[in-house]
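Student: Here you go, sequence then predicted model.
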Amino acid sequence: MTHFVKKAFADIRSNRFLNLITIITISLSILVVSVFLLFFENASRVIESWNQGGRAMVYLVDTFTMDQLPDLQAKLNGLNTIDEMDFISKDQALEKLKNDMSERSAFLKTLKGNPLPDALEIKVKAYDSFEEIQQIAKDIKAIDLVDDVEYGQGWLGKFLNIFNLFKITGYAMCSLFFLIALFITANTVRLAFYSRKLEVEIMRLVGATETFIKAPFYVEGLLQGLLGGVSGLIILFTTYLMVSSGITRNFASYVYFDIQFLSIKTIFLIIFGSTFLGWFGCYLSLKQILR
Amino acid sequence: MTHFVKKAFADIRSNRFLNLITIITISLSILVVSVFLLFFENASRVIESWNQGGRAMVYLVDTFTMDQLPDLQAKLNGLNTIDEMDFISKDQALEKLKNDMSERSAFLKTLKGNPLPDALEIKVKAYDSFEEIQQIAKDIKAIDLVDDVEYGQGWLGKFLNIFNLFKITGYAMCSLFFLIALFITANTVRLAFYSRKLEVEIMRLVGATETFIKAPFYVEGLLQGLLGGVSGLIILFTTYLMVSSGITRNFASYVYFDIQFLSIKTIFLIIFGSTFLGWFGCYLSLKQILR
Amino acid sequence: MEKLHALALDAGRCRHVYADRVMEYVMDENKNSIIRLFDVTKRYNGKLALKDISLDIEQGEFIFISGPSGAGKSTLLKVLYLAEKVSEGQILIDGMNLARISSSRLPALRRRFGMVFQDFKLIPNRTVYENVALVLEAAGEKPSFIRKKVMHVLRTTGMDKKYKAFPPTLSGGEQQKVAVARAVVGEPSIILADEPTGSLDTKSAQTILDFLMEYHKKGATVLIASHNLHLLDSAVRGRNIEICDGKINRTATML
Amino acid sequence: MEKLHALALDAGRCRHVYADRVMEYVMDENKNSIIRLFDVTKRYNGKLALKDISLDIEQGEFIFISGPSGAGKSTLLKVLYLAEKVSEGQILIDGMNLARISSSRLPALRRRFGMVFQDFKLIPNRTVYENVALVLEAAGEKPSFIRKKVMHVLRTTGMDKKYKAFPPTLSGGEQQKVAVARAVVGEPSIILADEPTGSLDTKSAQTILDFLMEYHKKGATVLIASHNLHLLDSAVRGRNIEICDGKINRTATML
Ligand SMILES: Nc1ncnc2c1ncn2[C@@H]1O[C@H](COP(=O)(O)OP(=O)(O)OP(=O)(O)O)[C@@H](O)[C@H]1O
Ligand SMILES: Nc1ncnc2c1ncn2[C@@H]1O[C@H](COP(=O)(O)OP(=O)(O)OP(=O)(O)O)[C@@H](O)[C@H]1O
Ligand SMILES: [Mg+2]
Ligand SMILES: [Mg+2]
């Protein structure tokens, strides 16, 4: 085993040019995929944050009195779809409205009494689709004391659907980029091996077994993949550091979020992927060269 | 000249494997760039469409009377920043509000008189930054009869800035992807040429001039670039056709926009770029092989 | 025997399924034969390079294959080495039928041969030492043994001072010496040498020839293909097979 | 002359700026010399391959360079052809100093030579015809002329039937014949042949040698490097230069 690793290193040294190009290609392919992953992870996070955990307002009927509250809360909890709830009395609501609309509150001053209903501000548990939250709203509305539920019917559906489309596109593009990286890398490794066809042929003629010939190539492929992946990530990380510090300095007013680097999990996935790339390229090439 | 083109074709035929890999690599690189361009062009268009030409409401003072309208309109037009305007009287506004809030209009019924102001709905001419529209609003507010201007102060700034960030990221990623495509392609061409080093060496030994040796390689590089670019676009277009028809069939409810293919201008740019890629890869390789 | 032979030839021609078995039976009759060819024909794109070659080579024999350029000398050695497949006919090496050798057993078979290729077939980006050591590494020998053995063989062929050089930086004759060193380093029982002294001056040629003869004396079967009949002057007891246009023209015993 | 020569040698040694001019002056004295070497030394990584070679070759001369393997025969031809640069000394070809040849004039100079490389240097993925035609194409000849000329040369070397074959599918001798055909197809005024009959049987060798001699008779200067002294038997009037360990050992005139 050590023999093969040693030989692989010797090969890398003696075929410096071929190896360099292979490693550069792998690292650039990895760069494309990981830049996109970085963009996608951050965009998802930002968009997700806009959709703050599904807050909704439950408006209660006019006849509601405070002693009915515990009963109502129990019923809502019974649905098992609500995380938090806050009671907002009609007086609190009016106060808040007056504060929010300070500039045009003149019109509120003309009000006789309080036209607003009592309400519960609730936080709905995680949901994935617009249909789901519609169902939750329907369930809540079915409770006696509830008059209406408002959860941004208009824009939420639109937003969620576009977000889902974005996600689908994102996954599709990630897969596409990965496939392309796979092809390009495999082809580069193949090309690099192609110019070593003679070497392989002579080794076979001299009586070397397939394992003896192939093993160093595989070790080499794995090493190339690993090195390519790591250097691709290093390039990305350096760029990330520069860009993110640049952004926070110059674009502070534009940015309402930090750009975060890839998660550890993704990093390991990428490194694993690139090692696989190296191996796969090697596999394809050997399959072609060695009959 | 025809001699070199003929020879280039003969070379492509006799080095089928090397050429195939080069063309595949170029076409995949082009695919990455153009997929991203496609995504970016469409996303820009959709986001742009959300930002429907900057509508804003101009609320008028309580003392406003209809005979002041022509004077006011003249003043607004004098600013040269407004495209369209519609007068909405306080009565129309209340009517609309009652319709919009049908479910909870009970509370509106309790209103004595009409608390709403008269208003002008205006469409602001194209603007690029939040600062610009802020300035426009300020100018309008300075007019006598205007009480207040509402243009989504809260969300518009946020949206515009994020959109700008998205644009910057998009351009950065486009350039990055192009650079990467350039590197990968150049390297692939170099690798493919590397295995023809012997051929070039022998030609020089036999007394061939540099032009005689290089010209067919350049023609070959240009052809590879052209073929790669065209086939990359063909792959993209086929995928586009499949995906876009699939989306309109299955995801009709999710999509509030058509996906459009790249503009003719972009297509030509891409083909030009990929031809350049082929040439550039060739240039680098020849520089390396031929001393 | 005669009859069986004829039967075998027949079998070879019609590619009968039992042909291989018959071959092995025939083989049994002549325990001393290490290489047997039955009606071997080799075509390249329909053009004949070898035609109906039948041959019986005994263990430890010395064979000199002569013939003009393009006669088929290299092709004959290549089919023995399984570097090329025969188009028709059967070859038995030490009782094994080459047509029935599985690809996994091929490397082991090749290690029993030592082949000097006419175009040397040295790996250009490995040093002389690495090129020769490759054979022993592939055979799984110990590093210390490899070092000693390789340097010994290089010394005998006069290439020990150039062990760090890369083949393209060697003169033609030097490359040939390395090719010979590589062929014999594994102590093969059969040595196939294709024009092993073609790039050498008379003195070096004699040294290399003597070197190969040493292995012959130790019991190796040696086949040398060359157009240079002067080599025969110094050859030992053996057979001279002259081929021409792919056919055996004449067989002579040298005493 | 003697003095100037010594001066030139000196200039060559200390690499004086005027050395080249002196060379050309010296050249003027001997109008018939087409190749002149002054104290040429070639080192590979510090190791000498040629040492202080001085030589004067007249237009139309026939030179046979002999010497053992590794003597420096190929190196000598390579420095003449500018396939390798000299380490020290000067070479004048037809009055041009090779050290001062610009790379743009190199191809034209090389087309005046016809070189048979010891390892043939045929392009493996081009056919025999294409390999030979390359020289004429590079010289910008007309297609119709190329076709006629190439087929004529191939016929004379006996390779016309294989014009569509790729070099790796040829036998050693056949490849050599193609290499010779390529060397002479451009009607060069100087033919450098490195071991041009090493892979050929006696009969083919004679044919090739006669073929080269024809060009010699037509006025070409011919240099043949070979370790095979038997070639001398059939050689015409000329000089035999024997080199050993990079030095000229002996010069003999053959009559
Ligand atoms: N791979 C191949 N494809 C097609 N033809 C081939 C191939 N190898 C050899 N030949 C042809 O088979 C014939 C015999 O070739 P071979 O190499 O055996 O000759 P040889 O006797 O070794 O000659 P030499 O002394 O020149 O080496 C030649 O005509 C050659 O062109
Ligand atoms: N590119 C090179 N790098 C290093 N050493 C070289 C190179 N080319 C030749 N040599 C060395 O220079 C010496 C002379 O080589 P050359 O090829 O001239 O010999 P030769 O006389 O042609 O021998 P042969 O008859 O074997 O072809 C040899 O020892 C060789 O190893
Ligand atoms: Mg041969
Ligand atoms: Mg030589």
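Tutor: Received the coordinates, thanks. Ligands and ions are numbered 1, 2, ... in the order given.
Student: where does the stretch 151-291 of chain A have low pLDDT?
Tutor: A:152-163, A:246-258, A:289-291 (pLDDT under 70).
Student: Closest residue of chain C to ligand 3?
Tutor: C:Ser74 (3.1 Å; C-beta to the ion). To be clear about C-beta, it is placed using only N, CA and C from the backbone, and glycine gets the same treatment.
Student: Contacts only, for that residue.
Tutor: C:Ser74 is in contact with C:118, C:194-195, C:225, D:171-172, counting by C-beta atoms under 8 Å, 6 or more residues apart in numbering or on different chains.
Student: Just the ones of those in strands?
Tutor: Residues of those located in strands (DSSP state E): C:194, C:225.
Student: Output the contacts of C:Ser74 in a markdown table, with neighbour count, pLDDT and distance to A:Gln134 appended to each entry.
Tutor: Compiled in a markdown table, the contacts of C:Ser74 are given as follows (neighbours: other C-beta atoms under 10 Å in any protein chain shown; pLDDT from 0 to 100; distance: C-beta to C-beta, whole Å):
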| residue | neighbour count | pLDDT | distance to A:Gln134 |
| --- | --- | --- | --- |
| C:Gln118 | 23 | 94 | 83 |
| C:Asp194 | 26 | 94 | 84 |
| C:Glu195 | 24 | 92 | 87 |
| C:Ala225 | 25 | 94 | 88 |
| D:Ser171 | 20 | 93 | 83 |
| D:Gly172 | 21 | 92 | 84 |
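Student: Now render the contacts of C:Ser74 as JSON lines, adding distance to chain B.
Tutor: Formatted as JSON lines, these follow (distance: C-beta to the nearest C-beta, whole Å):
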{"residue": "C:Gln118", "distance to chain B": "19"}
{"residue": "C:Asp194", "distance to chain B": "23"}
{"residue": "C:Glu195", "distance to chain B": "23"}
{"residue": "C:Ala225", "distance to chain B": "27"}
{"residue": "D:Ser171", "distance to chain B": "20"}
{"residue": "D:Gly172", "distance to chain B": "18"}
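Student: So which residue is smack in the middle of the chain?
Tutor: No chain was given, so I picked chain A. Residue closest to the average C-alpha location in chain A (C-alpha atoms, centre = their mean): A:Glu41, at 3.2 Å.
Student: actually chain C
Tutor: Centre-nearest of chain C using C-alpha atoms, centre = their mean is C:Leu192, 1.9 Å out.
Student: In which helix or strand does that one reside?
Tutor: In the assignment (DSSP states H and E), C:Leu192 maps to strand C:190-194.
Student: for A:Phe9, same thing?
Tutor: Going by DSSP H and E, A:Phe9 is in helix A:2-14.
Student: Check A:Leu222 too.
Tutor: helix A:210-250.
Student: mean confidence score for the helix or strand hosting A:Val32?
Tutor: Following DSSP H and E, one finds A:Val32 within helix A:16-50. For helix A:16-50, mean pLDDT is 79.
Student: Is chain B within reach of the very next helix or strand once past it?
Tutor: Next helix or strand after helix A:16-50 toward the C-terminus (DSSP H and E): strand A:55-60. Yes: remark: strand A:55-60 sits within contact range of chain B at A:Tyr59, by C-beta under 8 Å from any C-beta of the partner chain.
Student: Mind listing the strands strand A:55-60 pairs with, and their directions?
Tutor: Here strand A:55-60 has these sheet partners by DSSP bridges: strand A:119-124 (antiparallel), strand A:146-150 (antiparallel).
Student: what's the neighbour count on the closest residue to chain B within the stretch 51-200 of chain C?
Tutor: The stretch 51-200 of chain C approaches chain B most closely through C:Pro124 (10.3 Å), counting by C-beta to the nearest C-beta. Per other C-beta atoms under 10 Å in any protein chain shown, the neighbour tally for C:Pro124 reads 12.
Student: So it is in contact with C:Thr169, correct?
Tutor: No: assessed by C-beta atoms under 8 Å, C:Pro124 is found out of contact with C:Thr169, at 9.6 Å.
Student: Can you tell me how far the residue of chain C closest to ligand 3 is from C:Ile224?
Tutor: In this view, C:Ser74 and C:Ile224 are 12 Å apart by C-beta to C-beta, to the nearest Å.
Student: Pull the distance from stretch A:118-134 to the chain's centre.
Tutor: Stretch A:118-134 sits 23 Å away from the centroid of its parent chain (C-alpha atoms, centre = their mean, to the nearest Å).
Student: End to end on it, go ahead and measure it.
Tutor: The straight-line separation of the ends of stretch A:118-134 (C-alpha to C-alpha, to the nearest Å) is 22 Å.
Student: Find the residue closest to C:Lys85 in space, skipping its chain neighbours.
Tutor: If the residues on either side of it in the chain are set aside, C:Lys85 comes closest to C:Val79, at 7.3 Å by C-beta to C-beta, 6 or more residues apart in numbering or on different chains.
Student: The one you found contacts C:Gly89, doesn't it?
Tutor: No: look at C:Val79 against C:Gly89 with C-beta under 8 Å: they stay out of range, at 9.1 Å.
Student: can you list residues touching both of those two?
Tutor: Common neighbours of C:Val79 and C:Gly89 (C-beta under 8 Å, 6+ apart) are C:Val40.
Student: on that earlier part again, what is the orientation angle of the helix holding A:Val32 with helix B:16-50?
Tutor: 20 degrees (axes from the mean of the first three to the mean of the last three C-alpha atoms, to 10 degrees).
Student: is chain B contacted by helix A:16-50?
Tutor: Yes: applying C-beta under 8 Å from any C-beta, one finds helix A:16-50 touching chain B at A:17-18, A:21, A:24-25, A:28-29, A:31-32, A:35-36, A:39, A:46.
Student: Show me what that helix packs onto, helices and strands only.
Tutor: helix A:153-194, helix A:210-250, helix A:264-289, helix B:153-194 (3 or more C-beta pairs under 8 Å, 6 or more residues apart in numbering or on different chains; DSSP states H and E).
Student: tell me the SS of the residue of the stretch 151-291 of chain A found nearest ligand 2?
Tutor: Among the residues of the stretch 151-291 of chain A, A:Leu198 lies closest to ligand 2, at 18.8 Å counting by C-beta to the nearest ligand atom. Three-state call for A:Leu198 (DSSP: H, G, I helix; E, B strand; the rest coil): helix.
Student: For it, give its distance to chain C.
Tutor: 7 Å (C-beta to the nearest C-beta, to the nearest Å).
Student: tally of neighbours for that residue?
Tutor: Neighbour tally, A:Leu198, other C-beta under 10 Å: 15.
Student: Would you quantify the distance from it to ligand 3?
Tutor: 19 Å (C-beta to the ion, to the nearest Å).
Student: Surely that residue and C:Pro124 touch.
Tutor: Yes: in this structure, A:Leu198 is within contact of C:Pro124 by C-beta under 8 Å, at 7.5 Å.
Student: bridging residues for C:Glu58?
Tutor: C:Glu58 forms beta bridges with C:Ser33, as assigned by DSSP bridges.
Student: just to revisit the earlier point, from the residues of helix A:16-50 next to chain B, list just the buried residues.
Tutor: A:18, A:21, A:24-25, A:28-29, A:31-32, A:35-36, A:39, A:46 (16 or more other C-beta atoms under 10 Å in any protein chain shown).
Student: Among the residues you listed, which one lies nearest to C:Met254?
Tutor: Using C-beta to C-beta, A:Leu18 comes nearest to C:Met254 of these, at 50.0 Å.
Student: re earlier: so when I look at the residue of the stretch 51-200 of chain C closest to chain B, I'm seeing a helix, right?
Tutor: No: counting by three-state DSSP, C:Pro124 is not part of a helix but coil.
Student: what are the phi and psi angles of C:Asn97?
Tutor: phi -90, psi 120 (degrees, to the nearest 10).
Student: Neighbours of A:Lys141, how many?
Tutor: 13.
Student: hang on, it packs against A:Gln135?
Tutor: No: taking C-beta under 8 Å as the definition, A:Lys141 is not a contact partner of A:Gln135, at 10.7 Å.
Student: ranges for the strands of the stretch 1-150 of chain C?
Tutor: C:33-44, C:47-58, C:62-66, C:88-93, C:96-97, C:113-116 (DSSP state E, counting those that start in this stretch).
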